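K.L.:
sequence-free structure coming up:
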Ligand SMILES: O=C(O)CCC(=O)C1=CC=C[C@@H](O)[C@@H]1C(=O)O
Ligand SMILES: [Mg+2]
């Protein structure tokens, strides 16, 4: 693949409804879209999952723009690539900045798949033609609001409900949900809101028969999660703590988790995602694909990786209409009876809507 030029676009889109977690509320979303153009005239596309504030991880739109412009893009332009796996090799000497690395690497994967006339799913080793879809319910203003929202999502066909919890919004809300919905597939994401001091409190959540509790402790912890998992019957799922296949190996070896939430942006791209997938297959650790409120281009990458065999649990991969009045792809991602079809078209399988992208672009820069 001979990359002719790379375009960064800082875009801003309004979410249909604000999304609240234990760390903050998103009302709109600034993010970066990457377009990698090849000499063959094809374009590969991806999104960075970084937002404006460093509240999920240490990256932001601004740190992405700097690291991509001044370090990563020159590495991609300096010589041709024969396979997308080479991208993470070229980026390896640069520390961290996984969201920035992933956005460029995923765009190269999309371009590669298009040049091979393969769907991204097939290029990655995907085996499914549809994926099960879960939904992440942000923290609501009231208990009644939460129950109403869950009822609506179940009617829409979602295969799994994920609720956000934190120390002052957990036992009571889970009790109410289980009273209304005693048997639904239900999980809770704590986004690092607890410490080992809460071990007894967290043990008490075992009564709610959760599929898993996601990232209860610190975002960079593996050790304390192992101590906690030994005390819980509820499986722990790690999200923020897992940045690489090495992190996953250590977490599995220590017994820190029984499930892994894979986010392509958090681990630096699709090559690392496949390594984590294969490690989880070897260790019989089920996976699902987490979400970062992506627009359609990022969502397309999530659908592709979720088509791999070991993504056996519904992910946070709701359709376009769950997030946006109008998405940046054509067609938009649609869900039917809790399933999303995996496109069998070249690359990500959705066409970027250039008119819409231009409308939401605040700034762009072309590198060649
Ligand atoms: O994209 C979605 O629908 C899920 C969004 C979601 O749950 C999250 C997005 C970003 C950070 C977190 O708050 C949370 C997560 O941890 O999965
Ligand atoms: Mg999470």
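P.N.:
Nice, thanks for sending it over. Because the structure is predicted, anything quoted here is derived from the model rather than measured. Ligands and ions are numbered 1, 2, ... in the order given.

K.L.:
switch to C-alpha atoms for all contacts and neighbour counts from now on
P.N.:
OK.

K.L.:
Show me which residues of the strand ranked longest in the chain are buried.
P.N.:
Longest strand in the chain by number of residues (criterion: DSSP state E): strand 3-21. Within strand 3-21, the residues that count as buried by 16 or more other CA atoms under 10 Å are 3-15, 19-21.

K.L.:
Please apply the same query to stretch 55-64.
P.N.:
56-57, 59-64.

K.L.:
still on that earlier bit, and ligand 1, which of the buried residues of strand 3-21 contact it?
P.N.:
When contact is defined as CA under 6 Å from any ligand atom, the buried residues of strand 3-21 meet ligand 1 at residue 21.

K.L.:
Identify the residues contacting the residue lying closest to residue 28 once chain neighbours are set aside.
P.N.:
Using CA to CA, 6 or more residues apart in numbering and skipping residues adjacent in sequence, the residue nearest residue 28 is residue 14, 4.1 Å away. By CA atoms under 8 Å, 6 or more residues apart in numbering, residue 14 lies in contact with 27-29, 324.

K.L.:
Just the residues you listed: which are in strands?
P.N.:
Filtering the contacts of residue 14 for strands - DSSP E - leaves 27-29.

K.L.:
Kindly supply the ChimeraX command isolating those of the residues you listed that are buried.
P.N.:
This is the ChimeraX syntax for the buried subset of the ones in strands among the contacts of residue 14, where burial follows 16+ other CA under 10 Å:
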select :28,29
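
K.L.:
Between the ones in strands among the contacts of residue 14, which sits nearest ligand 1?
P.N.:
Distance to ligand 1 across those (CA to the nearest ligand atom) is lowest for residue 29, with 11.3 Å.

K.L.:
Tell me the spacing between that closest one and residue 75.
P.N.:
28 Å (CA to CA, to the nearest Å).

K.L.:
Also residue 356?
P.N.:
Taking CA to CA, one finds residue 356 at 30 Å from residue 75.

K.L.:
for this protein, longest helix please?
P.N.:
The helix that spans the most residues within the chain, counting by DSSP state H, is helix 98-115.

K.L.:
Show me which residues of the chain are close to ligand 1?
P.N.:
Going by CA under 6 Å from any ligand atom, the residues of the chain near ligand 1 are 21, 56, 136, 191, 290-293, 316.

K.L.:
same thing but 5 Å
P.N.:
Within the chain, the positions near ligand 1 by CA under 5 Å from any ligand atom are 291-293, 316.

K.L.:
If you rank these by neighbours, which is first?
P.N.:
Neighbours here mean other CA atoms under 10 Å. Within the residues of the chain next to ligand 1, the largest count is held by residue 316, at 26 neighbours.

K.L.:
pLDDT value on it, please?
P.N.:
Looking at residue 316, its pLDDT reads 97.

K.L.:
Surely it touches residue 133?
P.N.:
Yes: with contact defined as CA atoms under 8 Å, residue 316 reaches residue 133; the gap is 6.7 Å.

K.L.:
Need the worst-confidence member of the buried residues of strand 3-21.
P.N.:
residue 21 (77).

K.L.:
so what's it bridging to?
P.N.:
Residues in a beta bridge with residue 21, per DSSP bridges, are residue 24.

K.L.:
Relative to residue 13, how far out is it?
P.N.:
19 Å.

K.L.:
cool, residue 139 as well?
P.N.:
Counting by CA to CA, the gap from residue 139 to residue 13 is 21 Å.

K.L.:
Next: residue 301.
P.N.:
19 Å.

K.L.:
How about residue 296?
P.N.:
12 Å.

K.L.:
quick one: contacts for residue 232?
P.N.:
So residue 232 contacts 202-203, 206 (CA under 8 Å, 6+ apart).

K.L.:
By neighbours, which of those wins?
P.N.:
residue 202 (21 neighbours).

K.L.:
Name the nearest residue to residue 269, ignoring sequence neighbours.
P.N.:
residue 102 (3.9 Å).

K.L.:
now that neighbour: how far from residue 150?
P.N.:
32 Å.

K.L.:
Compare neighbour counts for those two and give me the winner.
P.N.:
Neighbour tally, residue 102 and residue 150, criterion other CA under 10 Å: the higher count belongs to residue 102, 27 against 22.

K.L.:
circling back to that earlier point, which other helices and strands contact the longest helix of the chain?
P.N.:
Contact here means 3 or more CA pairs under 8 Å, 6 or more residues apart in numbering; DSSP states H and E; on that basis helix 98-115 packs against strand 24-38, strand 43-47, helix 61-67, helix 85-91, helix 120-124, helix 270-282.

K.L.:
Check the offset of that helix from the chain's centre.
P.N.:
15 Å (CA atoms, centre = their mean, to the nearest Å).

K.L.:
Would you check that residue 205 makes contact with residue 172?
P.N.:
No: counting by CA under 8 Å, residue 172 is not a contact partner of residue 205; they are 10.3 Å apart.

K.L.:
From the chain's centroid, how far away is stretch 190-205?
P.N.:
Per CA atoms, centre = their mean, the centroid offset for stretch 190-205 relative to its chain is 24 Å.
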